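**Q** dropping the sequence and predicted coords here.
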Amino acid sequence: MTGAAGMPMTASAAPPRPASAPAARLAVRAAGDDLVVEFGGDWKNAPRAPGVADLEAQLAAGPHAARWRVVGRELGPWDSRLLAVVLRVVERGEHQGRTVDIRGVPEGLQKLVRLARAVPERTDVHRGTAREPWRQRLGEGAMARARGVRDVVAFVGECAQGVGRLVRGRAQYRWRDAWVIIQESGAEALPIVLLINLLVGLILGFVGAVQLARFGASIYVADLVGIAVTREMGCMMTGIIMCGRTGAAFAAQLGTMKVNEEIDAFRALAISPTDFLVLPRVVALALMMPLLVVFGNLMGILGGMAVALAMLDLSLVEYWNETVAAVTLTNYLLGVAKGACFGILVAVTGCLRGIQCGSNAAAVGHATTSAVVTGITAIIAADALCAVLCNVLGI
Amino acid sequence: MDASIPTTPTPKIEIRHLDMAFGPFVLMRDINAAIRSGEIFVIIGGSGCGKSTLLRHLIGFLQPARGDILYDGRNFTAAGPDERERRLRQFGVLFQGGALWSSMTLAENVALPLAQYSPLSQAEIADIVRVKLALVGLKGFEDYYPAELSGGMRKRAGLARAIALDPEILFFDEPSAGLDPLTSQRLDALILELRDSLGATVVVVTHELDSIFTIGDRAIFLDARTRTATAQGHPRDLRDHSPDPGVRAFLSRRDVLEGIATPPAPAAPDPIDPTRL
C-alpha cells in the first residue's frame, strides 16, 4: 500500500490512500534561541502518524529554549491526530513555563487549539480513587439495607391502604387497565404455565416411578405426584413463571414510566401512583394466579400419570382412584390459596422495583433484574414459612 | 431554486424530488435542495411538519417514497450496503437528547467509533478522545457516565462523539431544544467554530429562531399545510422577502391566524419553546 520509498510500513488494515501521500512527520530542532516543533507530510491519509508518546520523547531529548514555535512545513491534509499532538505541545510548553507560538500552523488548526483550550479543565470533577475504610463501607452498606427494608415496608403499607380505598370504592382506579392486565397475566400466560407444569409433573413421575418401583410400591407414584403437585409444585412453579414473565414486565413498564417522568406526572396531579398503577396489577395477579394454579395442577397430575402409565404396570383407573384418594381438598385449596399469595408477592415486588427505578435506561435493566430476584426469593421464603405454619397447625 | 446555487460543480448533498411517506400517508412532497460543501443548512418548519423525518431520510434511516438523495453526486438512496456504510462513516449525527450510551463513560462513548473504524492504537484513541472532549468544553469529564451529567453537557458530549471520526457532514437534530438560552448560544458558537475549523458541511433541524439566524447560511422551510418545501434561501432574506406570508410570519414570530402585523419581538426570544410544551 505504501507508495514512496522510505516510508514507515503501513498496517494491513489501513484505508487505501494515494500512493503519493508523503508520510506524516514530526521533528524537534533548535533554531536560534527557539525550539521548533515541525510537522509535515500527510496527517490525514497516513495509516500511522507520530503520536503523543513520540512527541514526548523528542521534546525530552530536544534542546532547552524559552520560546517554542510550532510550524507546519509541507503539511498536507490533517485530522484529529495532528490536533492531539499540537495540543500536547502547547500544554506541555505552558506547563514548563515556555511561550508557545502556534502561528506557524494552518489557521483551522490554530482555531481548534484555541477552542480546545477555551474551557479550562475542571480539576474538581476528577474521581477520587481512594477507597473509604472498611468500617465506613460496612456502615454505609448496613444503612442502605435498612433504608431498603423501610422502603419495602412503606410500599407494602401504601398498597394495603390502597386496597382499603379500593374496597371502600374510593380509589382512583381504572378498571379498563385492570382488564388489560388480567388478559396479559391470565390468558396469555396460560400456555407457558401449562407446559412447565406438565414437565414438572413428568419429572416428579420419573423420580417417583424409579424409586418406588424398587419397593414394589409403584401405585404410590400417584400419591407422590398428586400431593406434591397440588400442595407445592403447582403453585410454586406457576409463581416462578409469573415472576419471570409478568413481574419483570411490571418492573420494566413502571421503570420506563419513571424514566419518562410519567410517574411524577401522576404525583403532580395528586393521583396516587400506587392506586393507579400498582393496584390494578396486584388485583389482576391475585385473581389470575389461583386460576393458573388450577390449570397447572391438572397438567402436573397428567404429566405424572403419563409417566406412570408408560413405565409402570398401572392402569388408568387405578392411577386415577389412587390420586383422588390421596389428594384431599385441604391440599388442593392450600395450593390454590398459596397461588393467590404468590401472585400478590410477584405483583408487589415487580411494581416496587419499577417505582424505585432510577432515571436512565440502565436503571430499567437493574429494576427488572431486581424484581425477578426479589420476587423469586419472596415466593420461596413465603412457601417455606407456609410449610412451617402448616406443620405447626397440623394441616 | 437552482439559480441560488452558483457555479459549484457538484453539491455536497443533493435532494431530488423527494417524497416522504409513512405507508399511504404522504408527509412531504417533492422536496428539492442542494447543499454546498462547508455550508450550514437549516431545516425549519412548525412542529410535526417532518423536519426530523427529512433528517432521518438524509442519514438513511428511512427510505424515500420517491426521489433520491445524492452525496457528492453519488446516489445514496440506491447505494448498496457497502457504499452506504462507507458513507455513514463520514457522517456525524447529534441526536436530540445526545443519545449517549448510558452504560459507557464519556470517554468510552467517544472512543467507540474510533475503535470500530480507525486503525489507531489505544493510546492514540485516548489522546483523540481527550481532544474531542476538550473541544466541546468537557475536559476532565472523561470518566463520567451520561446519567451524571446535565442535559446540556450530555448534548455536548454527544457532539464530541459525533465529531470523533472527523466527519465531512454533521447532522444536528434540534441542538438547542431543552437548553437554556445561554447554553444554546454557546452550542451555536461551537457549531460555527467546528464548521470553520473542520470545514464540515452541517445540516441542522431546529425551530429556535435565534439559532436559525445565528448559524444558518441557508434554510429550507417545510410547510405542513401545503406538504412541501415552500421556501429556500438565507434565513434573513426569507424573513424579509419571502413571497410566502407563512414563512415570513414563522421567522418573525407573528401569528399567521390573526394576520395582524405585530412588530417582531426585538428582544431575545423567550427561552421556552412553545411547541415543545
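**A** Cool, got the structure.

**Q** mind listing what residue A:98 touches?
**A** Shown in contact with residue A:98 (C-beta atoms under 8 Å, 6 or more residues apart in numbering or on different chains): A:35, A:65-68. The C-beta positions use only the backbone N, C-alpha and C, and glycine is treated the same way.

**Q** quick one: buried ones out of those residues?
**A** The neighbour-count test (16 or more other C-beta atoms under 10 Å in any protein chain shown) marks A:35, A:65, A:68 as buried among the contacts of residue A:98.

**Q** what's the spacing between the second one and chain B?
**A** Summarising the geometry, the distance separating residue A:65 from chain B, computed by C-beta to the nearest C-beta, to the nearest Å, is 24 Å.

**Q** cool, and the last one?
**A** When distances are taken as C-beta to the nearest C-beta, residue A:68 and chain B turn out to be 19 Å apart.

**Q** list phi and psi for that residue.
**A** The phi/psi pair for residue A:68 (degrees, to the nearest 10) reads phi -110, psi 140.

**Q** partners of it in the sheet?
**A** Counting by DSSP bridges, residue A:68 is bridged to residue A:35, residue A:100.

**Q** wait, it touches residue A:35, no?
**A** Yes. Residue A:68 lies in contact with residue A:35 (C-beta atoms under 8 Å); the separation is 4.9 Å.

**Q** next, format the contacts of residue A:98 as TSV and append pLDDT and distance to residue A:196.
**A** Output for the contacts of residue A:98, formatted as TSV (pLDDT from 0 to 100; distance: C-beta to C-beta, whole Å):
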residue	pLDDT	distance to residue A:196
A:35	85	76
A:65	80	78
A:66	80	80
A:67	84	79
A:68	86	73
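
**Q** do you have the helices of the stretch 201-350 of chain A handy? List them.
**A** For the stretch 201-350 of chain A, helices defined by DSSP state H, counting those that start in this stretch occupy the ranges A:221-227, A:234-242, A:248-259, A:262-268, A:273, A:279-311, A:316-326, A:329-355.

**Q** for residue B:71, list the residues it contacts.
**A** Residues near residue B:71 by C-beta under 8 Å, 6+ apart: B:12-14, B:87, B:169.

**Q** same thing but 6 Å
**A** Applying C-beta atoms under 6 Å, 6 or more residues apart in numbering or on different chains to residue B:71 gives the contacts B:13, B:87.

**Q** residue A:375 against residue A:243, yeah?
**A** Yes. Residue A:375 is within contact range of residue A:243, at 3.8 Å (criterion: C-beta atoms under 6 Å).

**Q** show me where the stretch 101-250 of chain B has strands.
**A** Residue ranges of the strands in the stretch 101-250 of chain B, as given by DSSP state E, counting those that start in this stretch, are B:169-173, B:201-205, B:218-223, B:228-233.

**Q** among the ones you listed, show the one with the smallest mean pLDDT.
**A** Note on the strands of the stretch 101-250 of chain B: lowest mean pLDDT is at strand B:228-233, with a mean of 80.

**Q** go ahead and confirm residue A:239 touches residue A:343.
**A** No. Residue A:239 is beyond contact range of residue A:343, at 7.3 Å (criterion: C-beta under 6 Å).

**Q** residue B:252 and chain A, how far apart?
**A** 33 Å.

**Q** in space, not sequence, find me the middle residue of chain A.
**A** The residue lying closest to the centre of chain A (C-alpha atoms, centre = their mean) is residue A:365, at 2.9 Å.

**Q** mind checking the SS state of that residue?
**A** Following DSSP: H, G, I helix; E, B strand; the rest coil, the label given to residue A:365 is helix.

**Q** okay, the strands of the stretch 101-250 of chain B, which one's buried deepest?
**A** Comparing those by mean neighbour count (mean count of other C-beta atoms under 10 Å in any protein chain shown), strand B:201-205 ranks first with a mean of 25.

**Q** list the helices and strands that one packs on?
**A** strand B:40-45, helix B:51-59, strand B:169-173 (3 or more C-beta pairs under 6 Å, 6 or more residues apart in numbering or on different chains; DSSP states H and E).

**Q** quick one: contacts for the most centrally placed residue in chain B?
**A** Nearest residue to the geometric centre of chain B (C-alpha atoms, centre = their mean): residue B:204, 2.2 Å. By C-beta under 6 Å, 6+ apart, the contact list for residue B:204 reads B:42, B:172.

**Q** stretch A:347-367: end-to-end distance?
**A** Terminal residues of stretch A:347-367 lie 14 Å apart, using C-alpha to C-alpha, to the nearest Å.

**Q** got the buried residues for stretch B:95-114?
**A** For stretch B:95-114, by 16+ other C-beta under 10 Å, it's B:95, B:98-100, B:102, B:105-114.

**Q** please disregard the earlier target; I meant stretch A:50-62.
**A** A:50-52, A:55, A:59, A:62.

**Q** pick out the lowest-pLDDT one from these.
**A** Comparing the buried residues of stretch A:50-62 by pLDDT, residue A:62 comes last, at 77.

**Q** ramachandran angles for that residue?
**A** phi -70, psi 170.

**Q** could you list every residue that touches it?
**A** For residue A:62, the contact set (C-beta under 6 Å, 6+ apart) comprises A:28, A:35.

**Q** quick one on the thing from earlier: could I get the strands of the stretch 101-250 of chain B as JSON lines with distance to residue B:76?
**A** Formatted as JSON lines, the strands of the stretch 101-250 of chain B follow (distance: least, C-beta to C-beta, whole Å):
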{"stretch": "strand B:169-173", "distance to residue B:76": "11"}
{"stretch": "strand B:201-205", "distance to residue B:76": "13"}
{"stretch": "strand B:218-223", "distance to residue B:76": "18"}
{"stretch": "strand B:228-233", "distance to residue B:76": "19"}
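
**Q** of all these, which one comes closest to residue A:160?
**A** strand B:169-173 (46.5 Å; C-beta to C-beta).

**Q** what's the closest one packed up against?
**A** Secondary-structure packing of strand B:169-173 (3+ C-beta pairs under 6 Å, 6+ apart): helix B:51-59, strand B:91-94, strand B:201-205.

**Q** what residue in the stretch 151-277 of chain B comes nearest to chain A?
**A** residue B:197 (4.1 Å; C-beta to the nearest C-beta).

**Q** and that residue, how many neighbours?
**A** Residue B:197 is flanked by 20 other residues according to other C-beta atoms under 10 Å in any protein chain shown.

**Q** quick check: it touching residue A:114?
**A** No. Look at residue B:197 against residue A:114 with C-beta under 6 Å: they stay out of range, at 9.1 Å.

**Q** low-confidence ranges, chain A, go.
**A** By pLDDT under 70, the low-scoring segments of chain A are A:1-21, A:122-130.

**Q** who's in contact with the residue nearest to the centre of chain A?
**A** Counted by C-beta under 6 Å, 6+ apart, residue A:365 has zero contacts.

**Q** what distance do you get for it to residue B:102?
**A** 10 Å (C-beta to C-beta, to the nearest Å).

**Q** count the residues that sit near residue 174.
**A** Went with chain A since none was named. Around residue A:174 there are 14 residues (other C-beta under 10 Å).

**Q** um, chain B though
**A** Residue B:174: 23 neighbours (other C-beta under 10 Å).

**Q** show the model's pLDDT score for the residue nearest to it when sequence neighbours are not counted.
**A** Spatial nearest neighbour of residue B:174, chain neighbours left out: residue B:96 (5.1 Å); criterion: C-beta to C-beta, 6 or more residues apart in numbering or on different chains. Residue B:96 is assigned 83 on the pLDDT scale.
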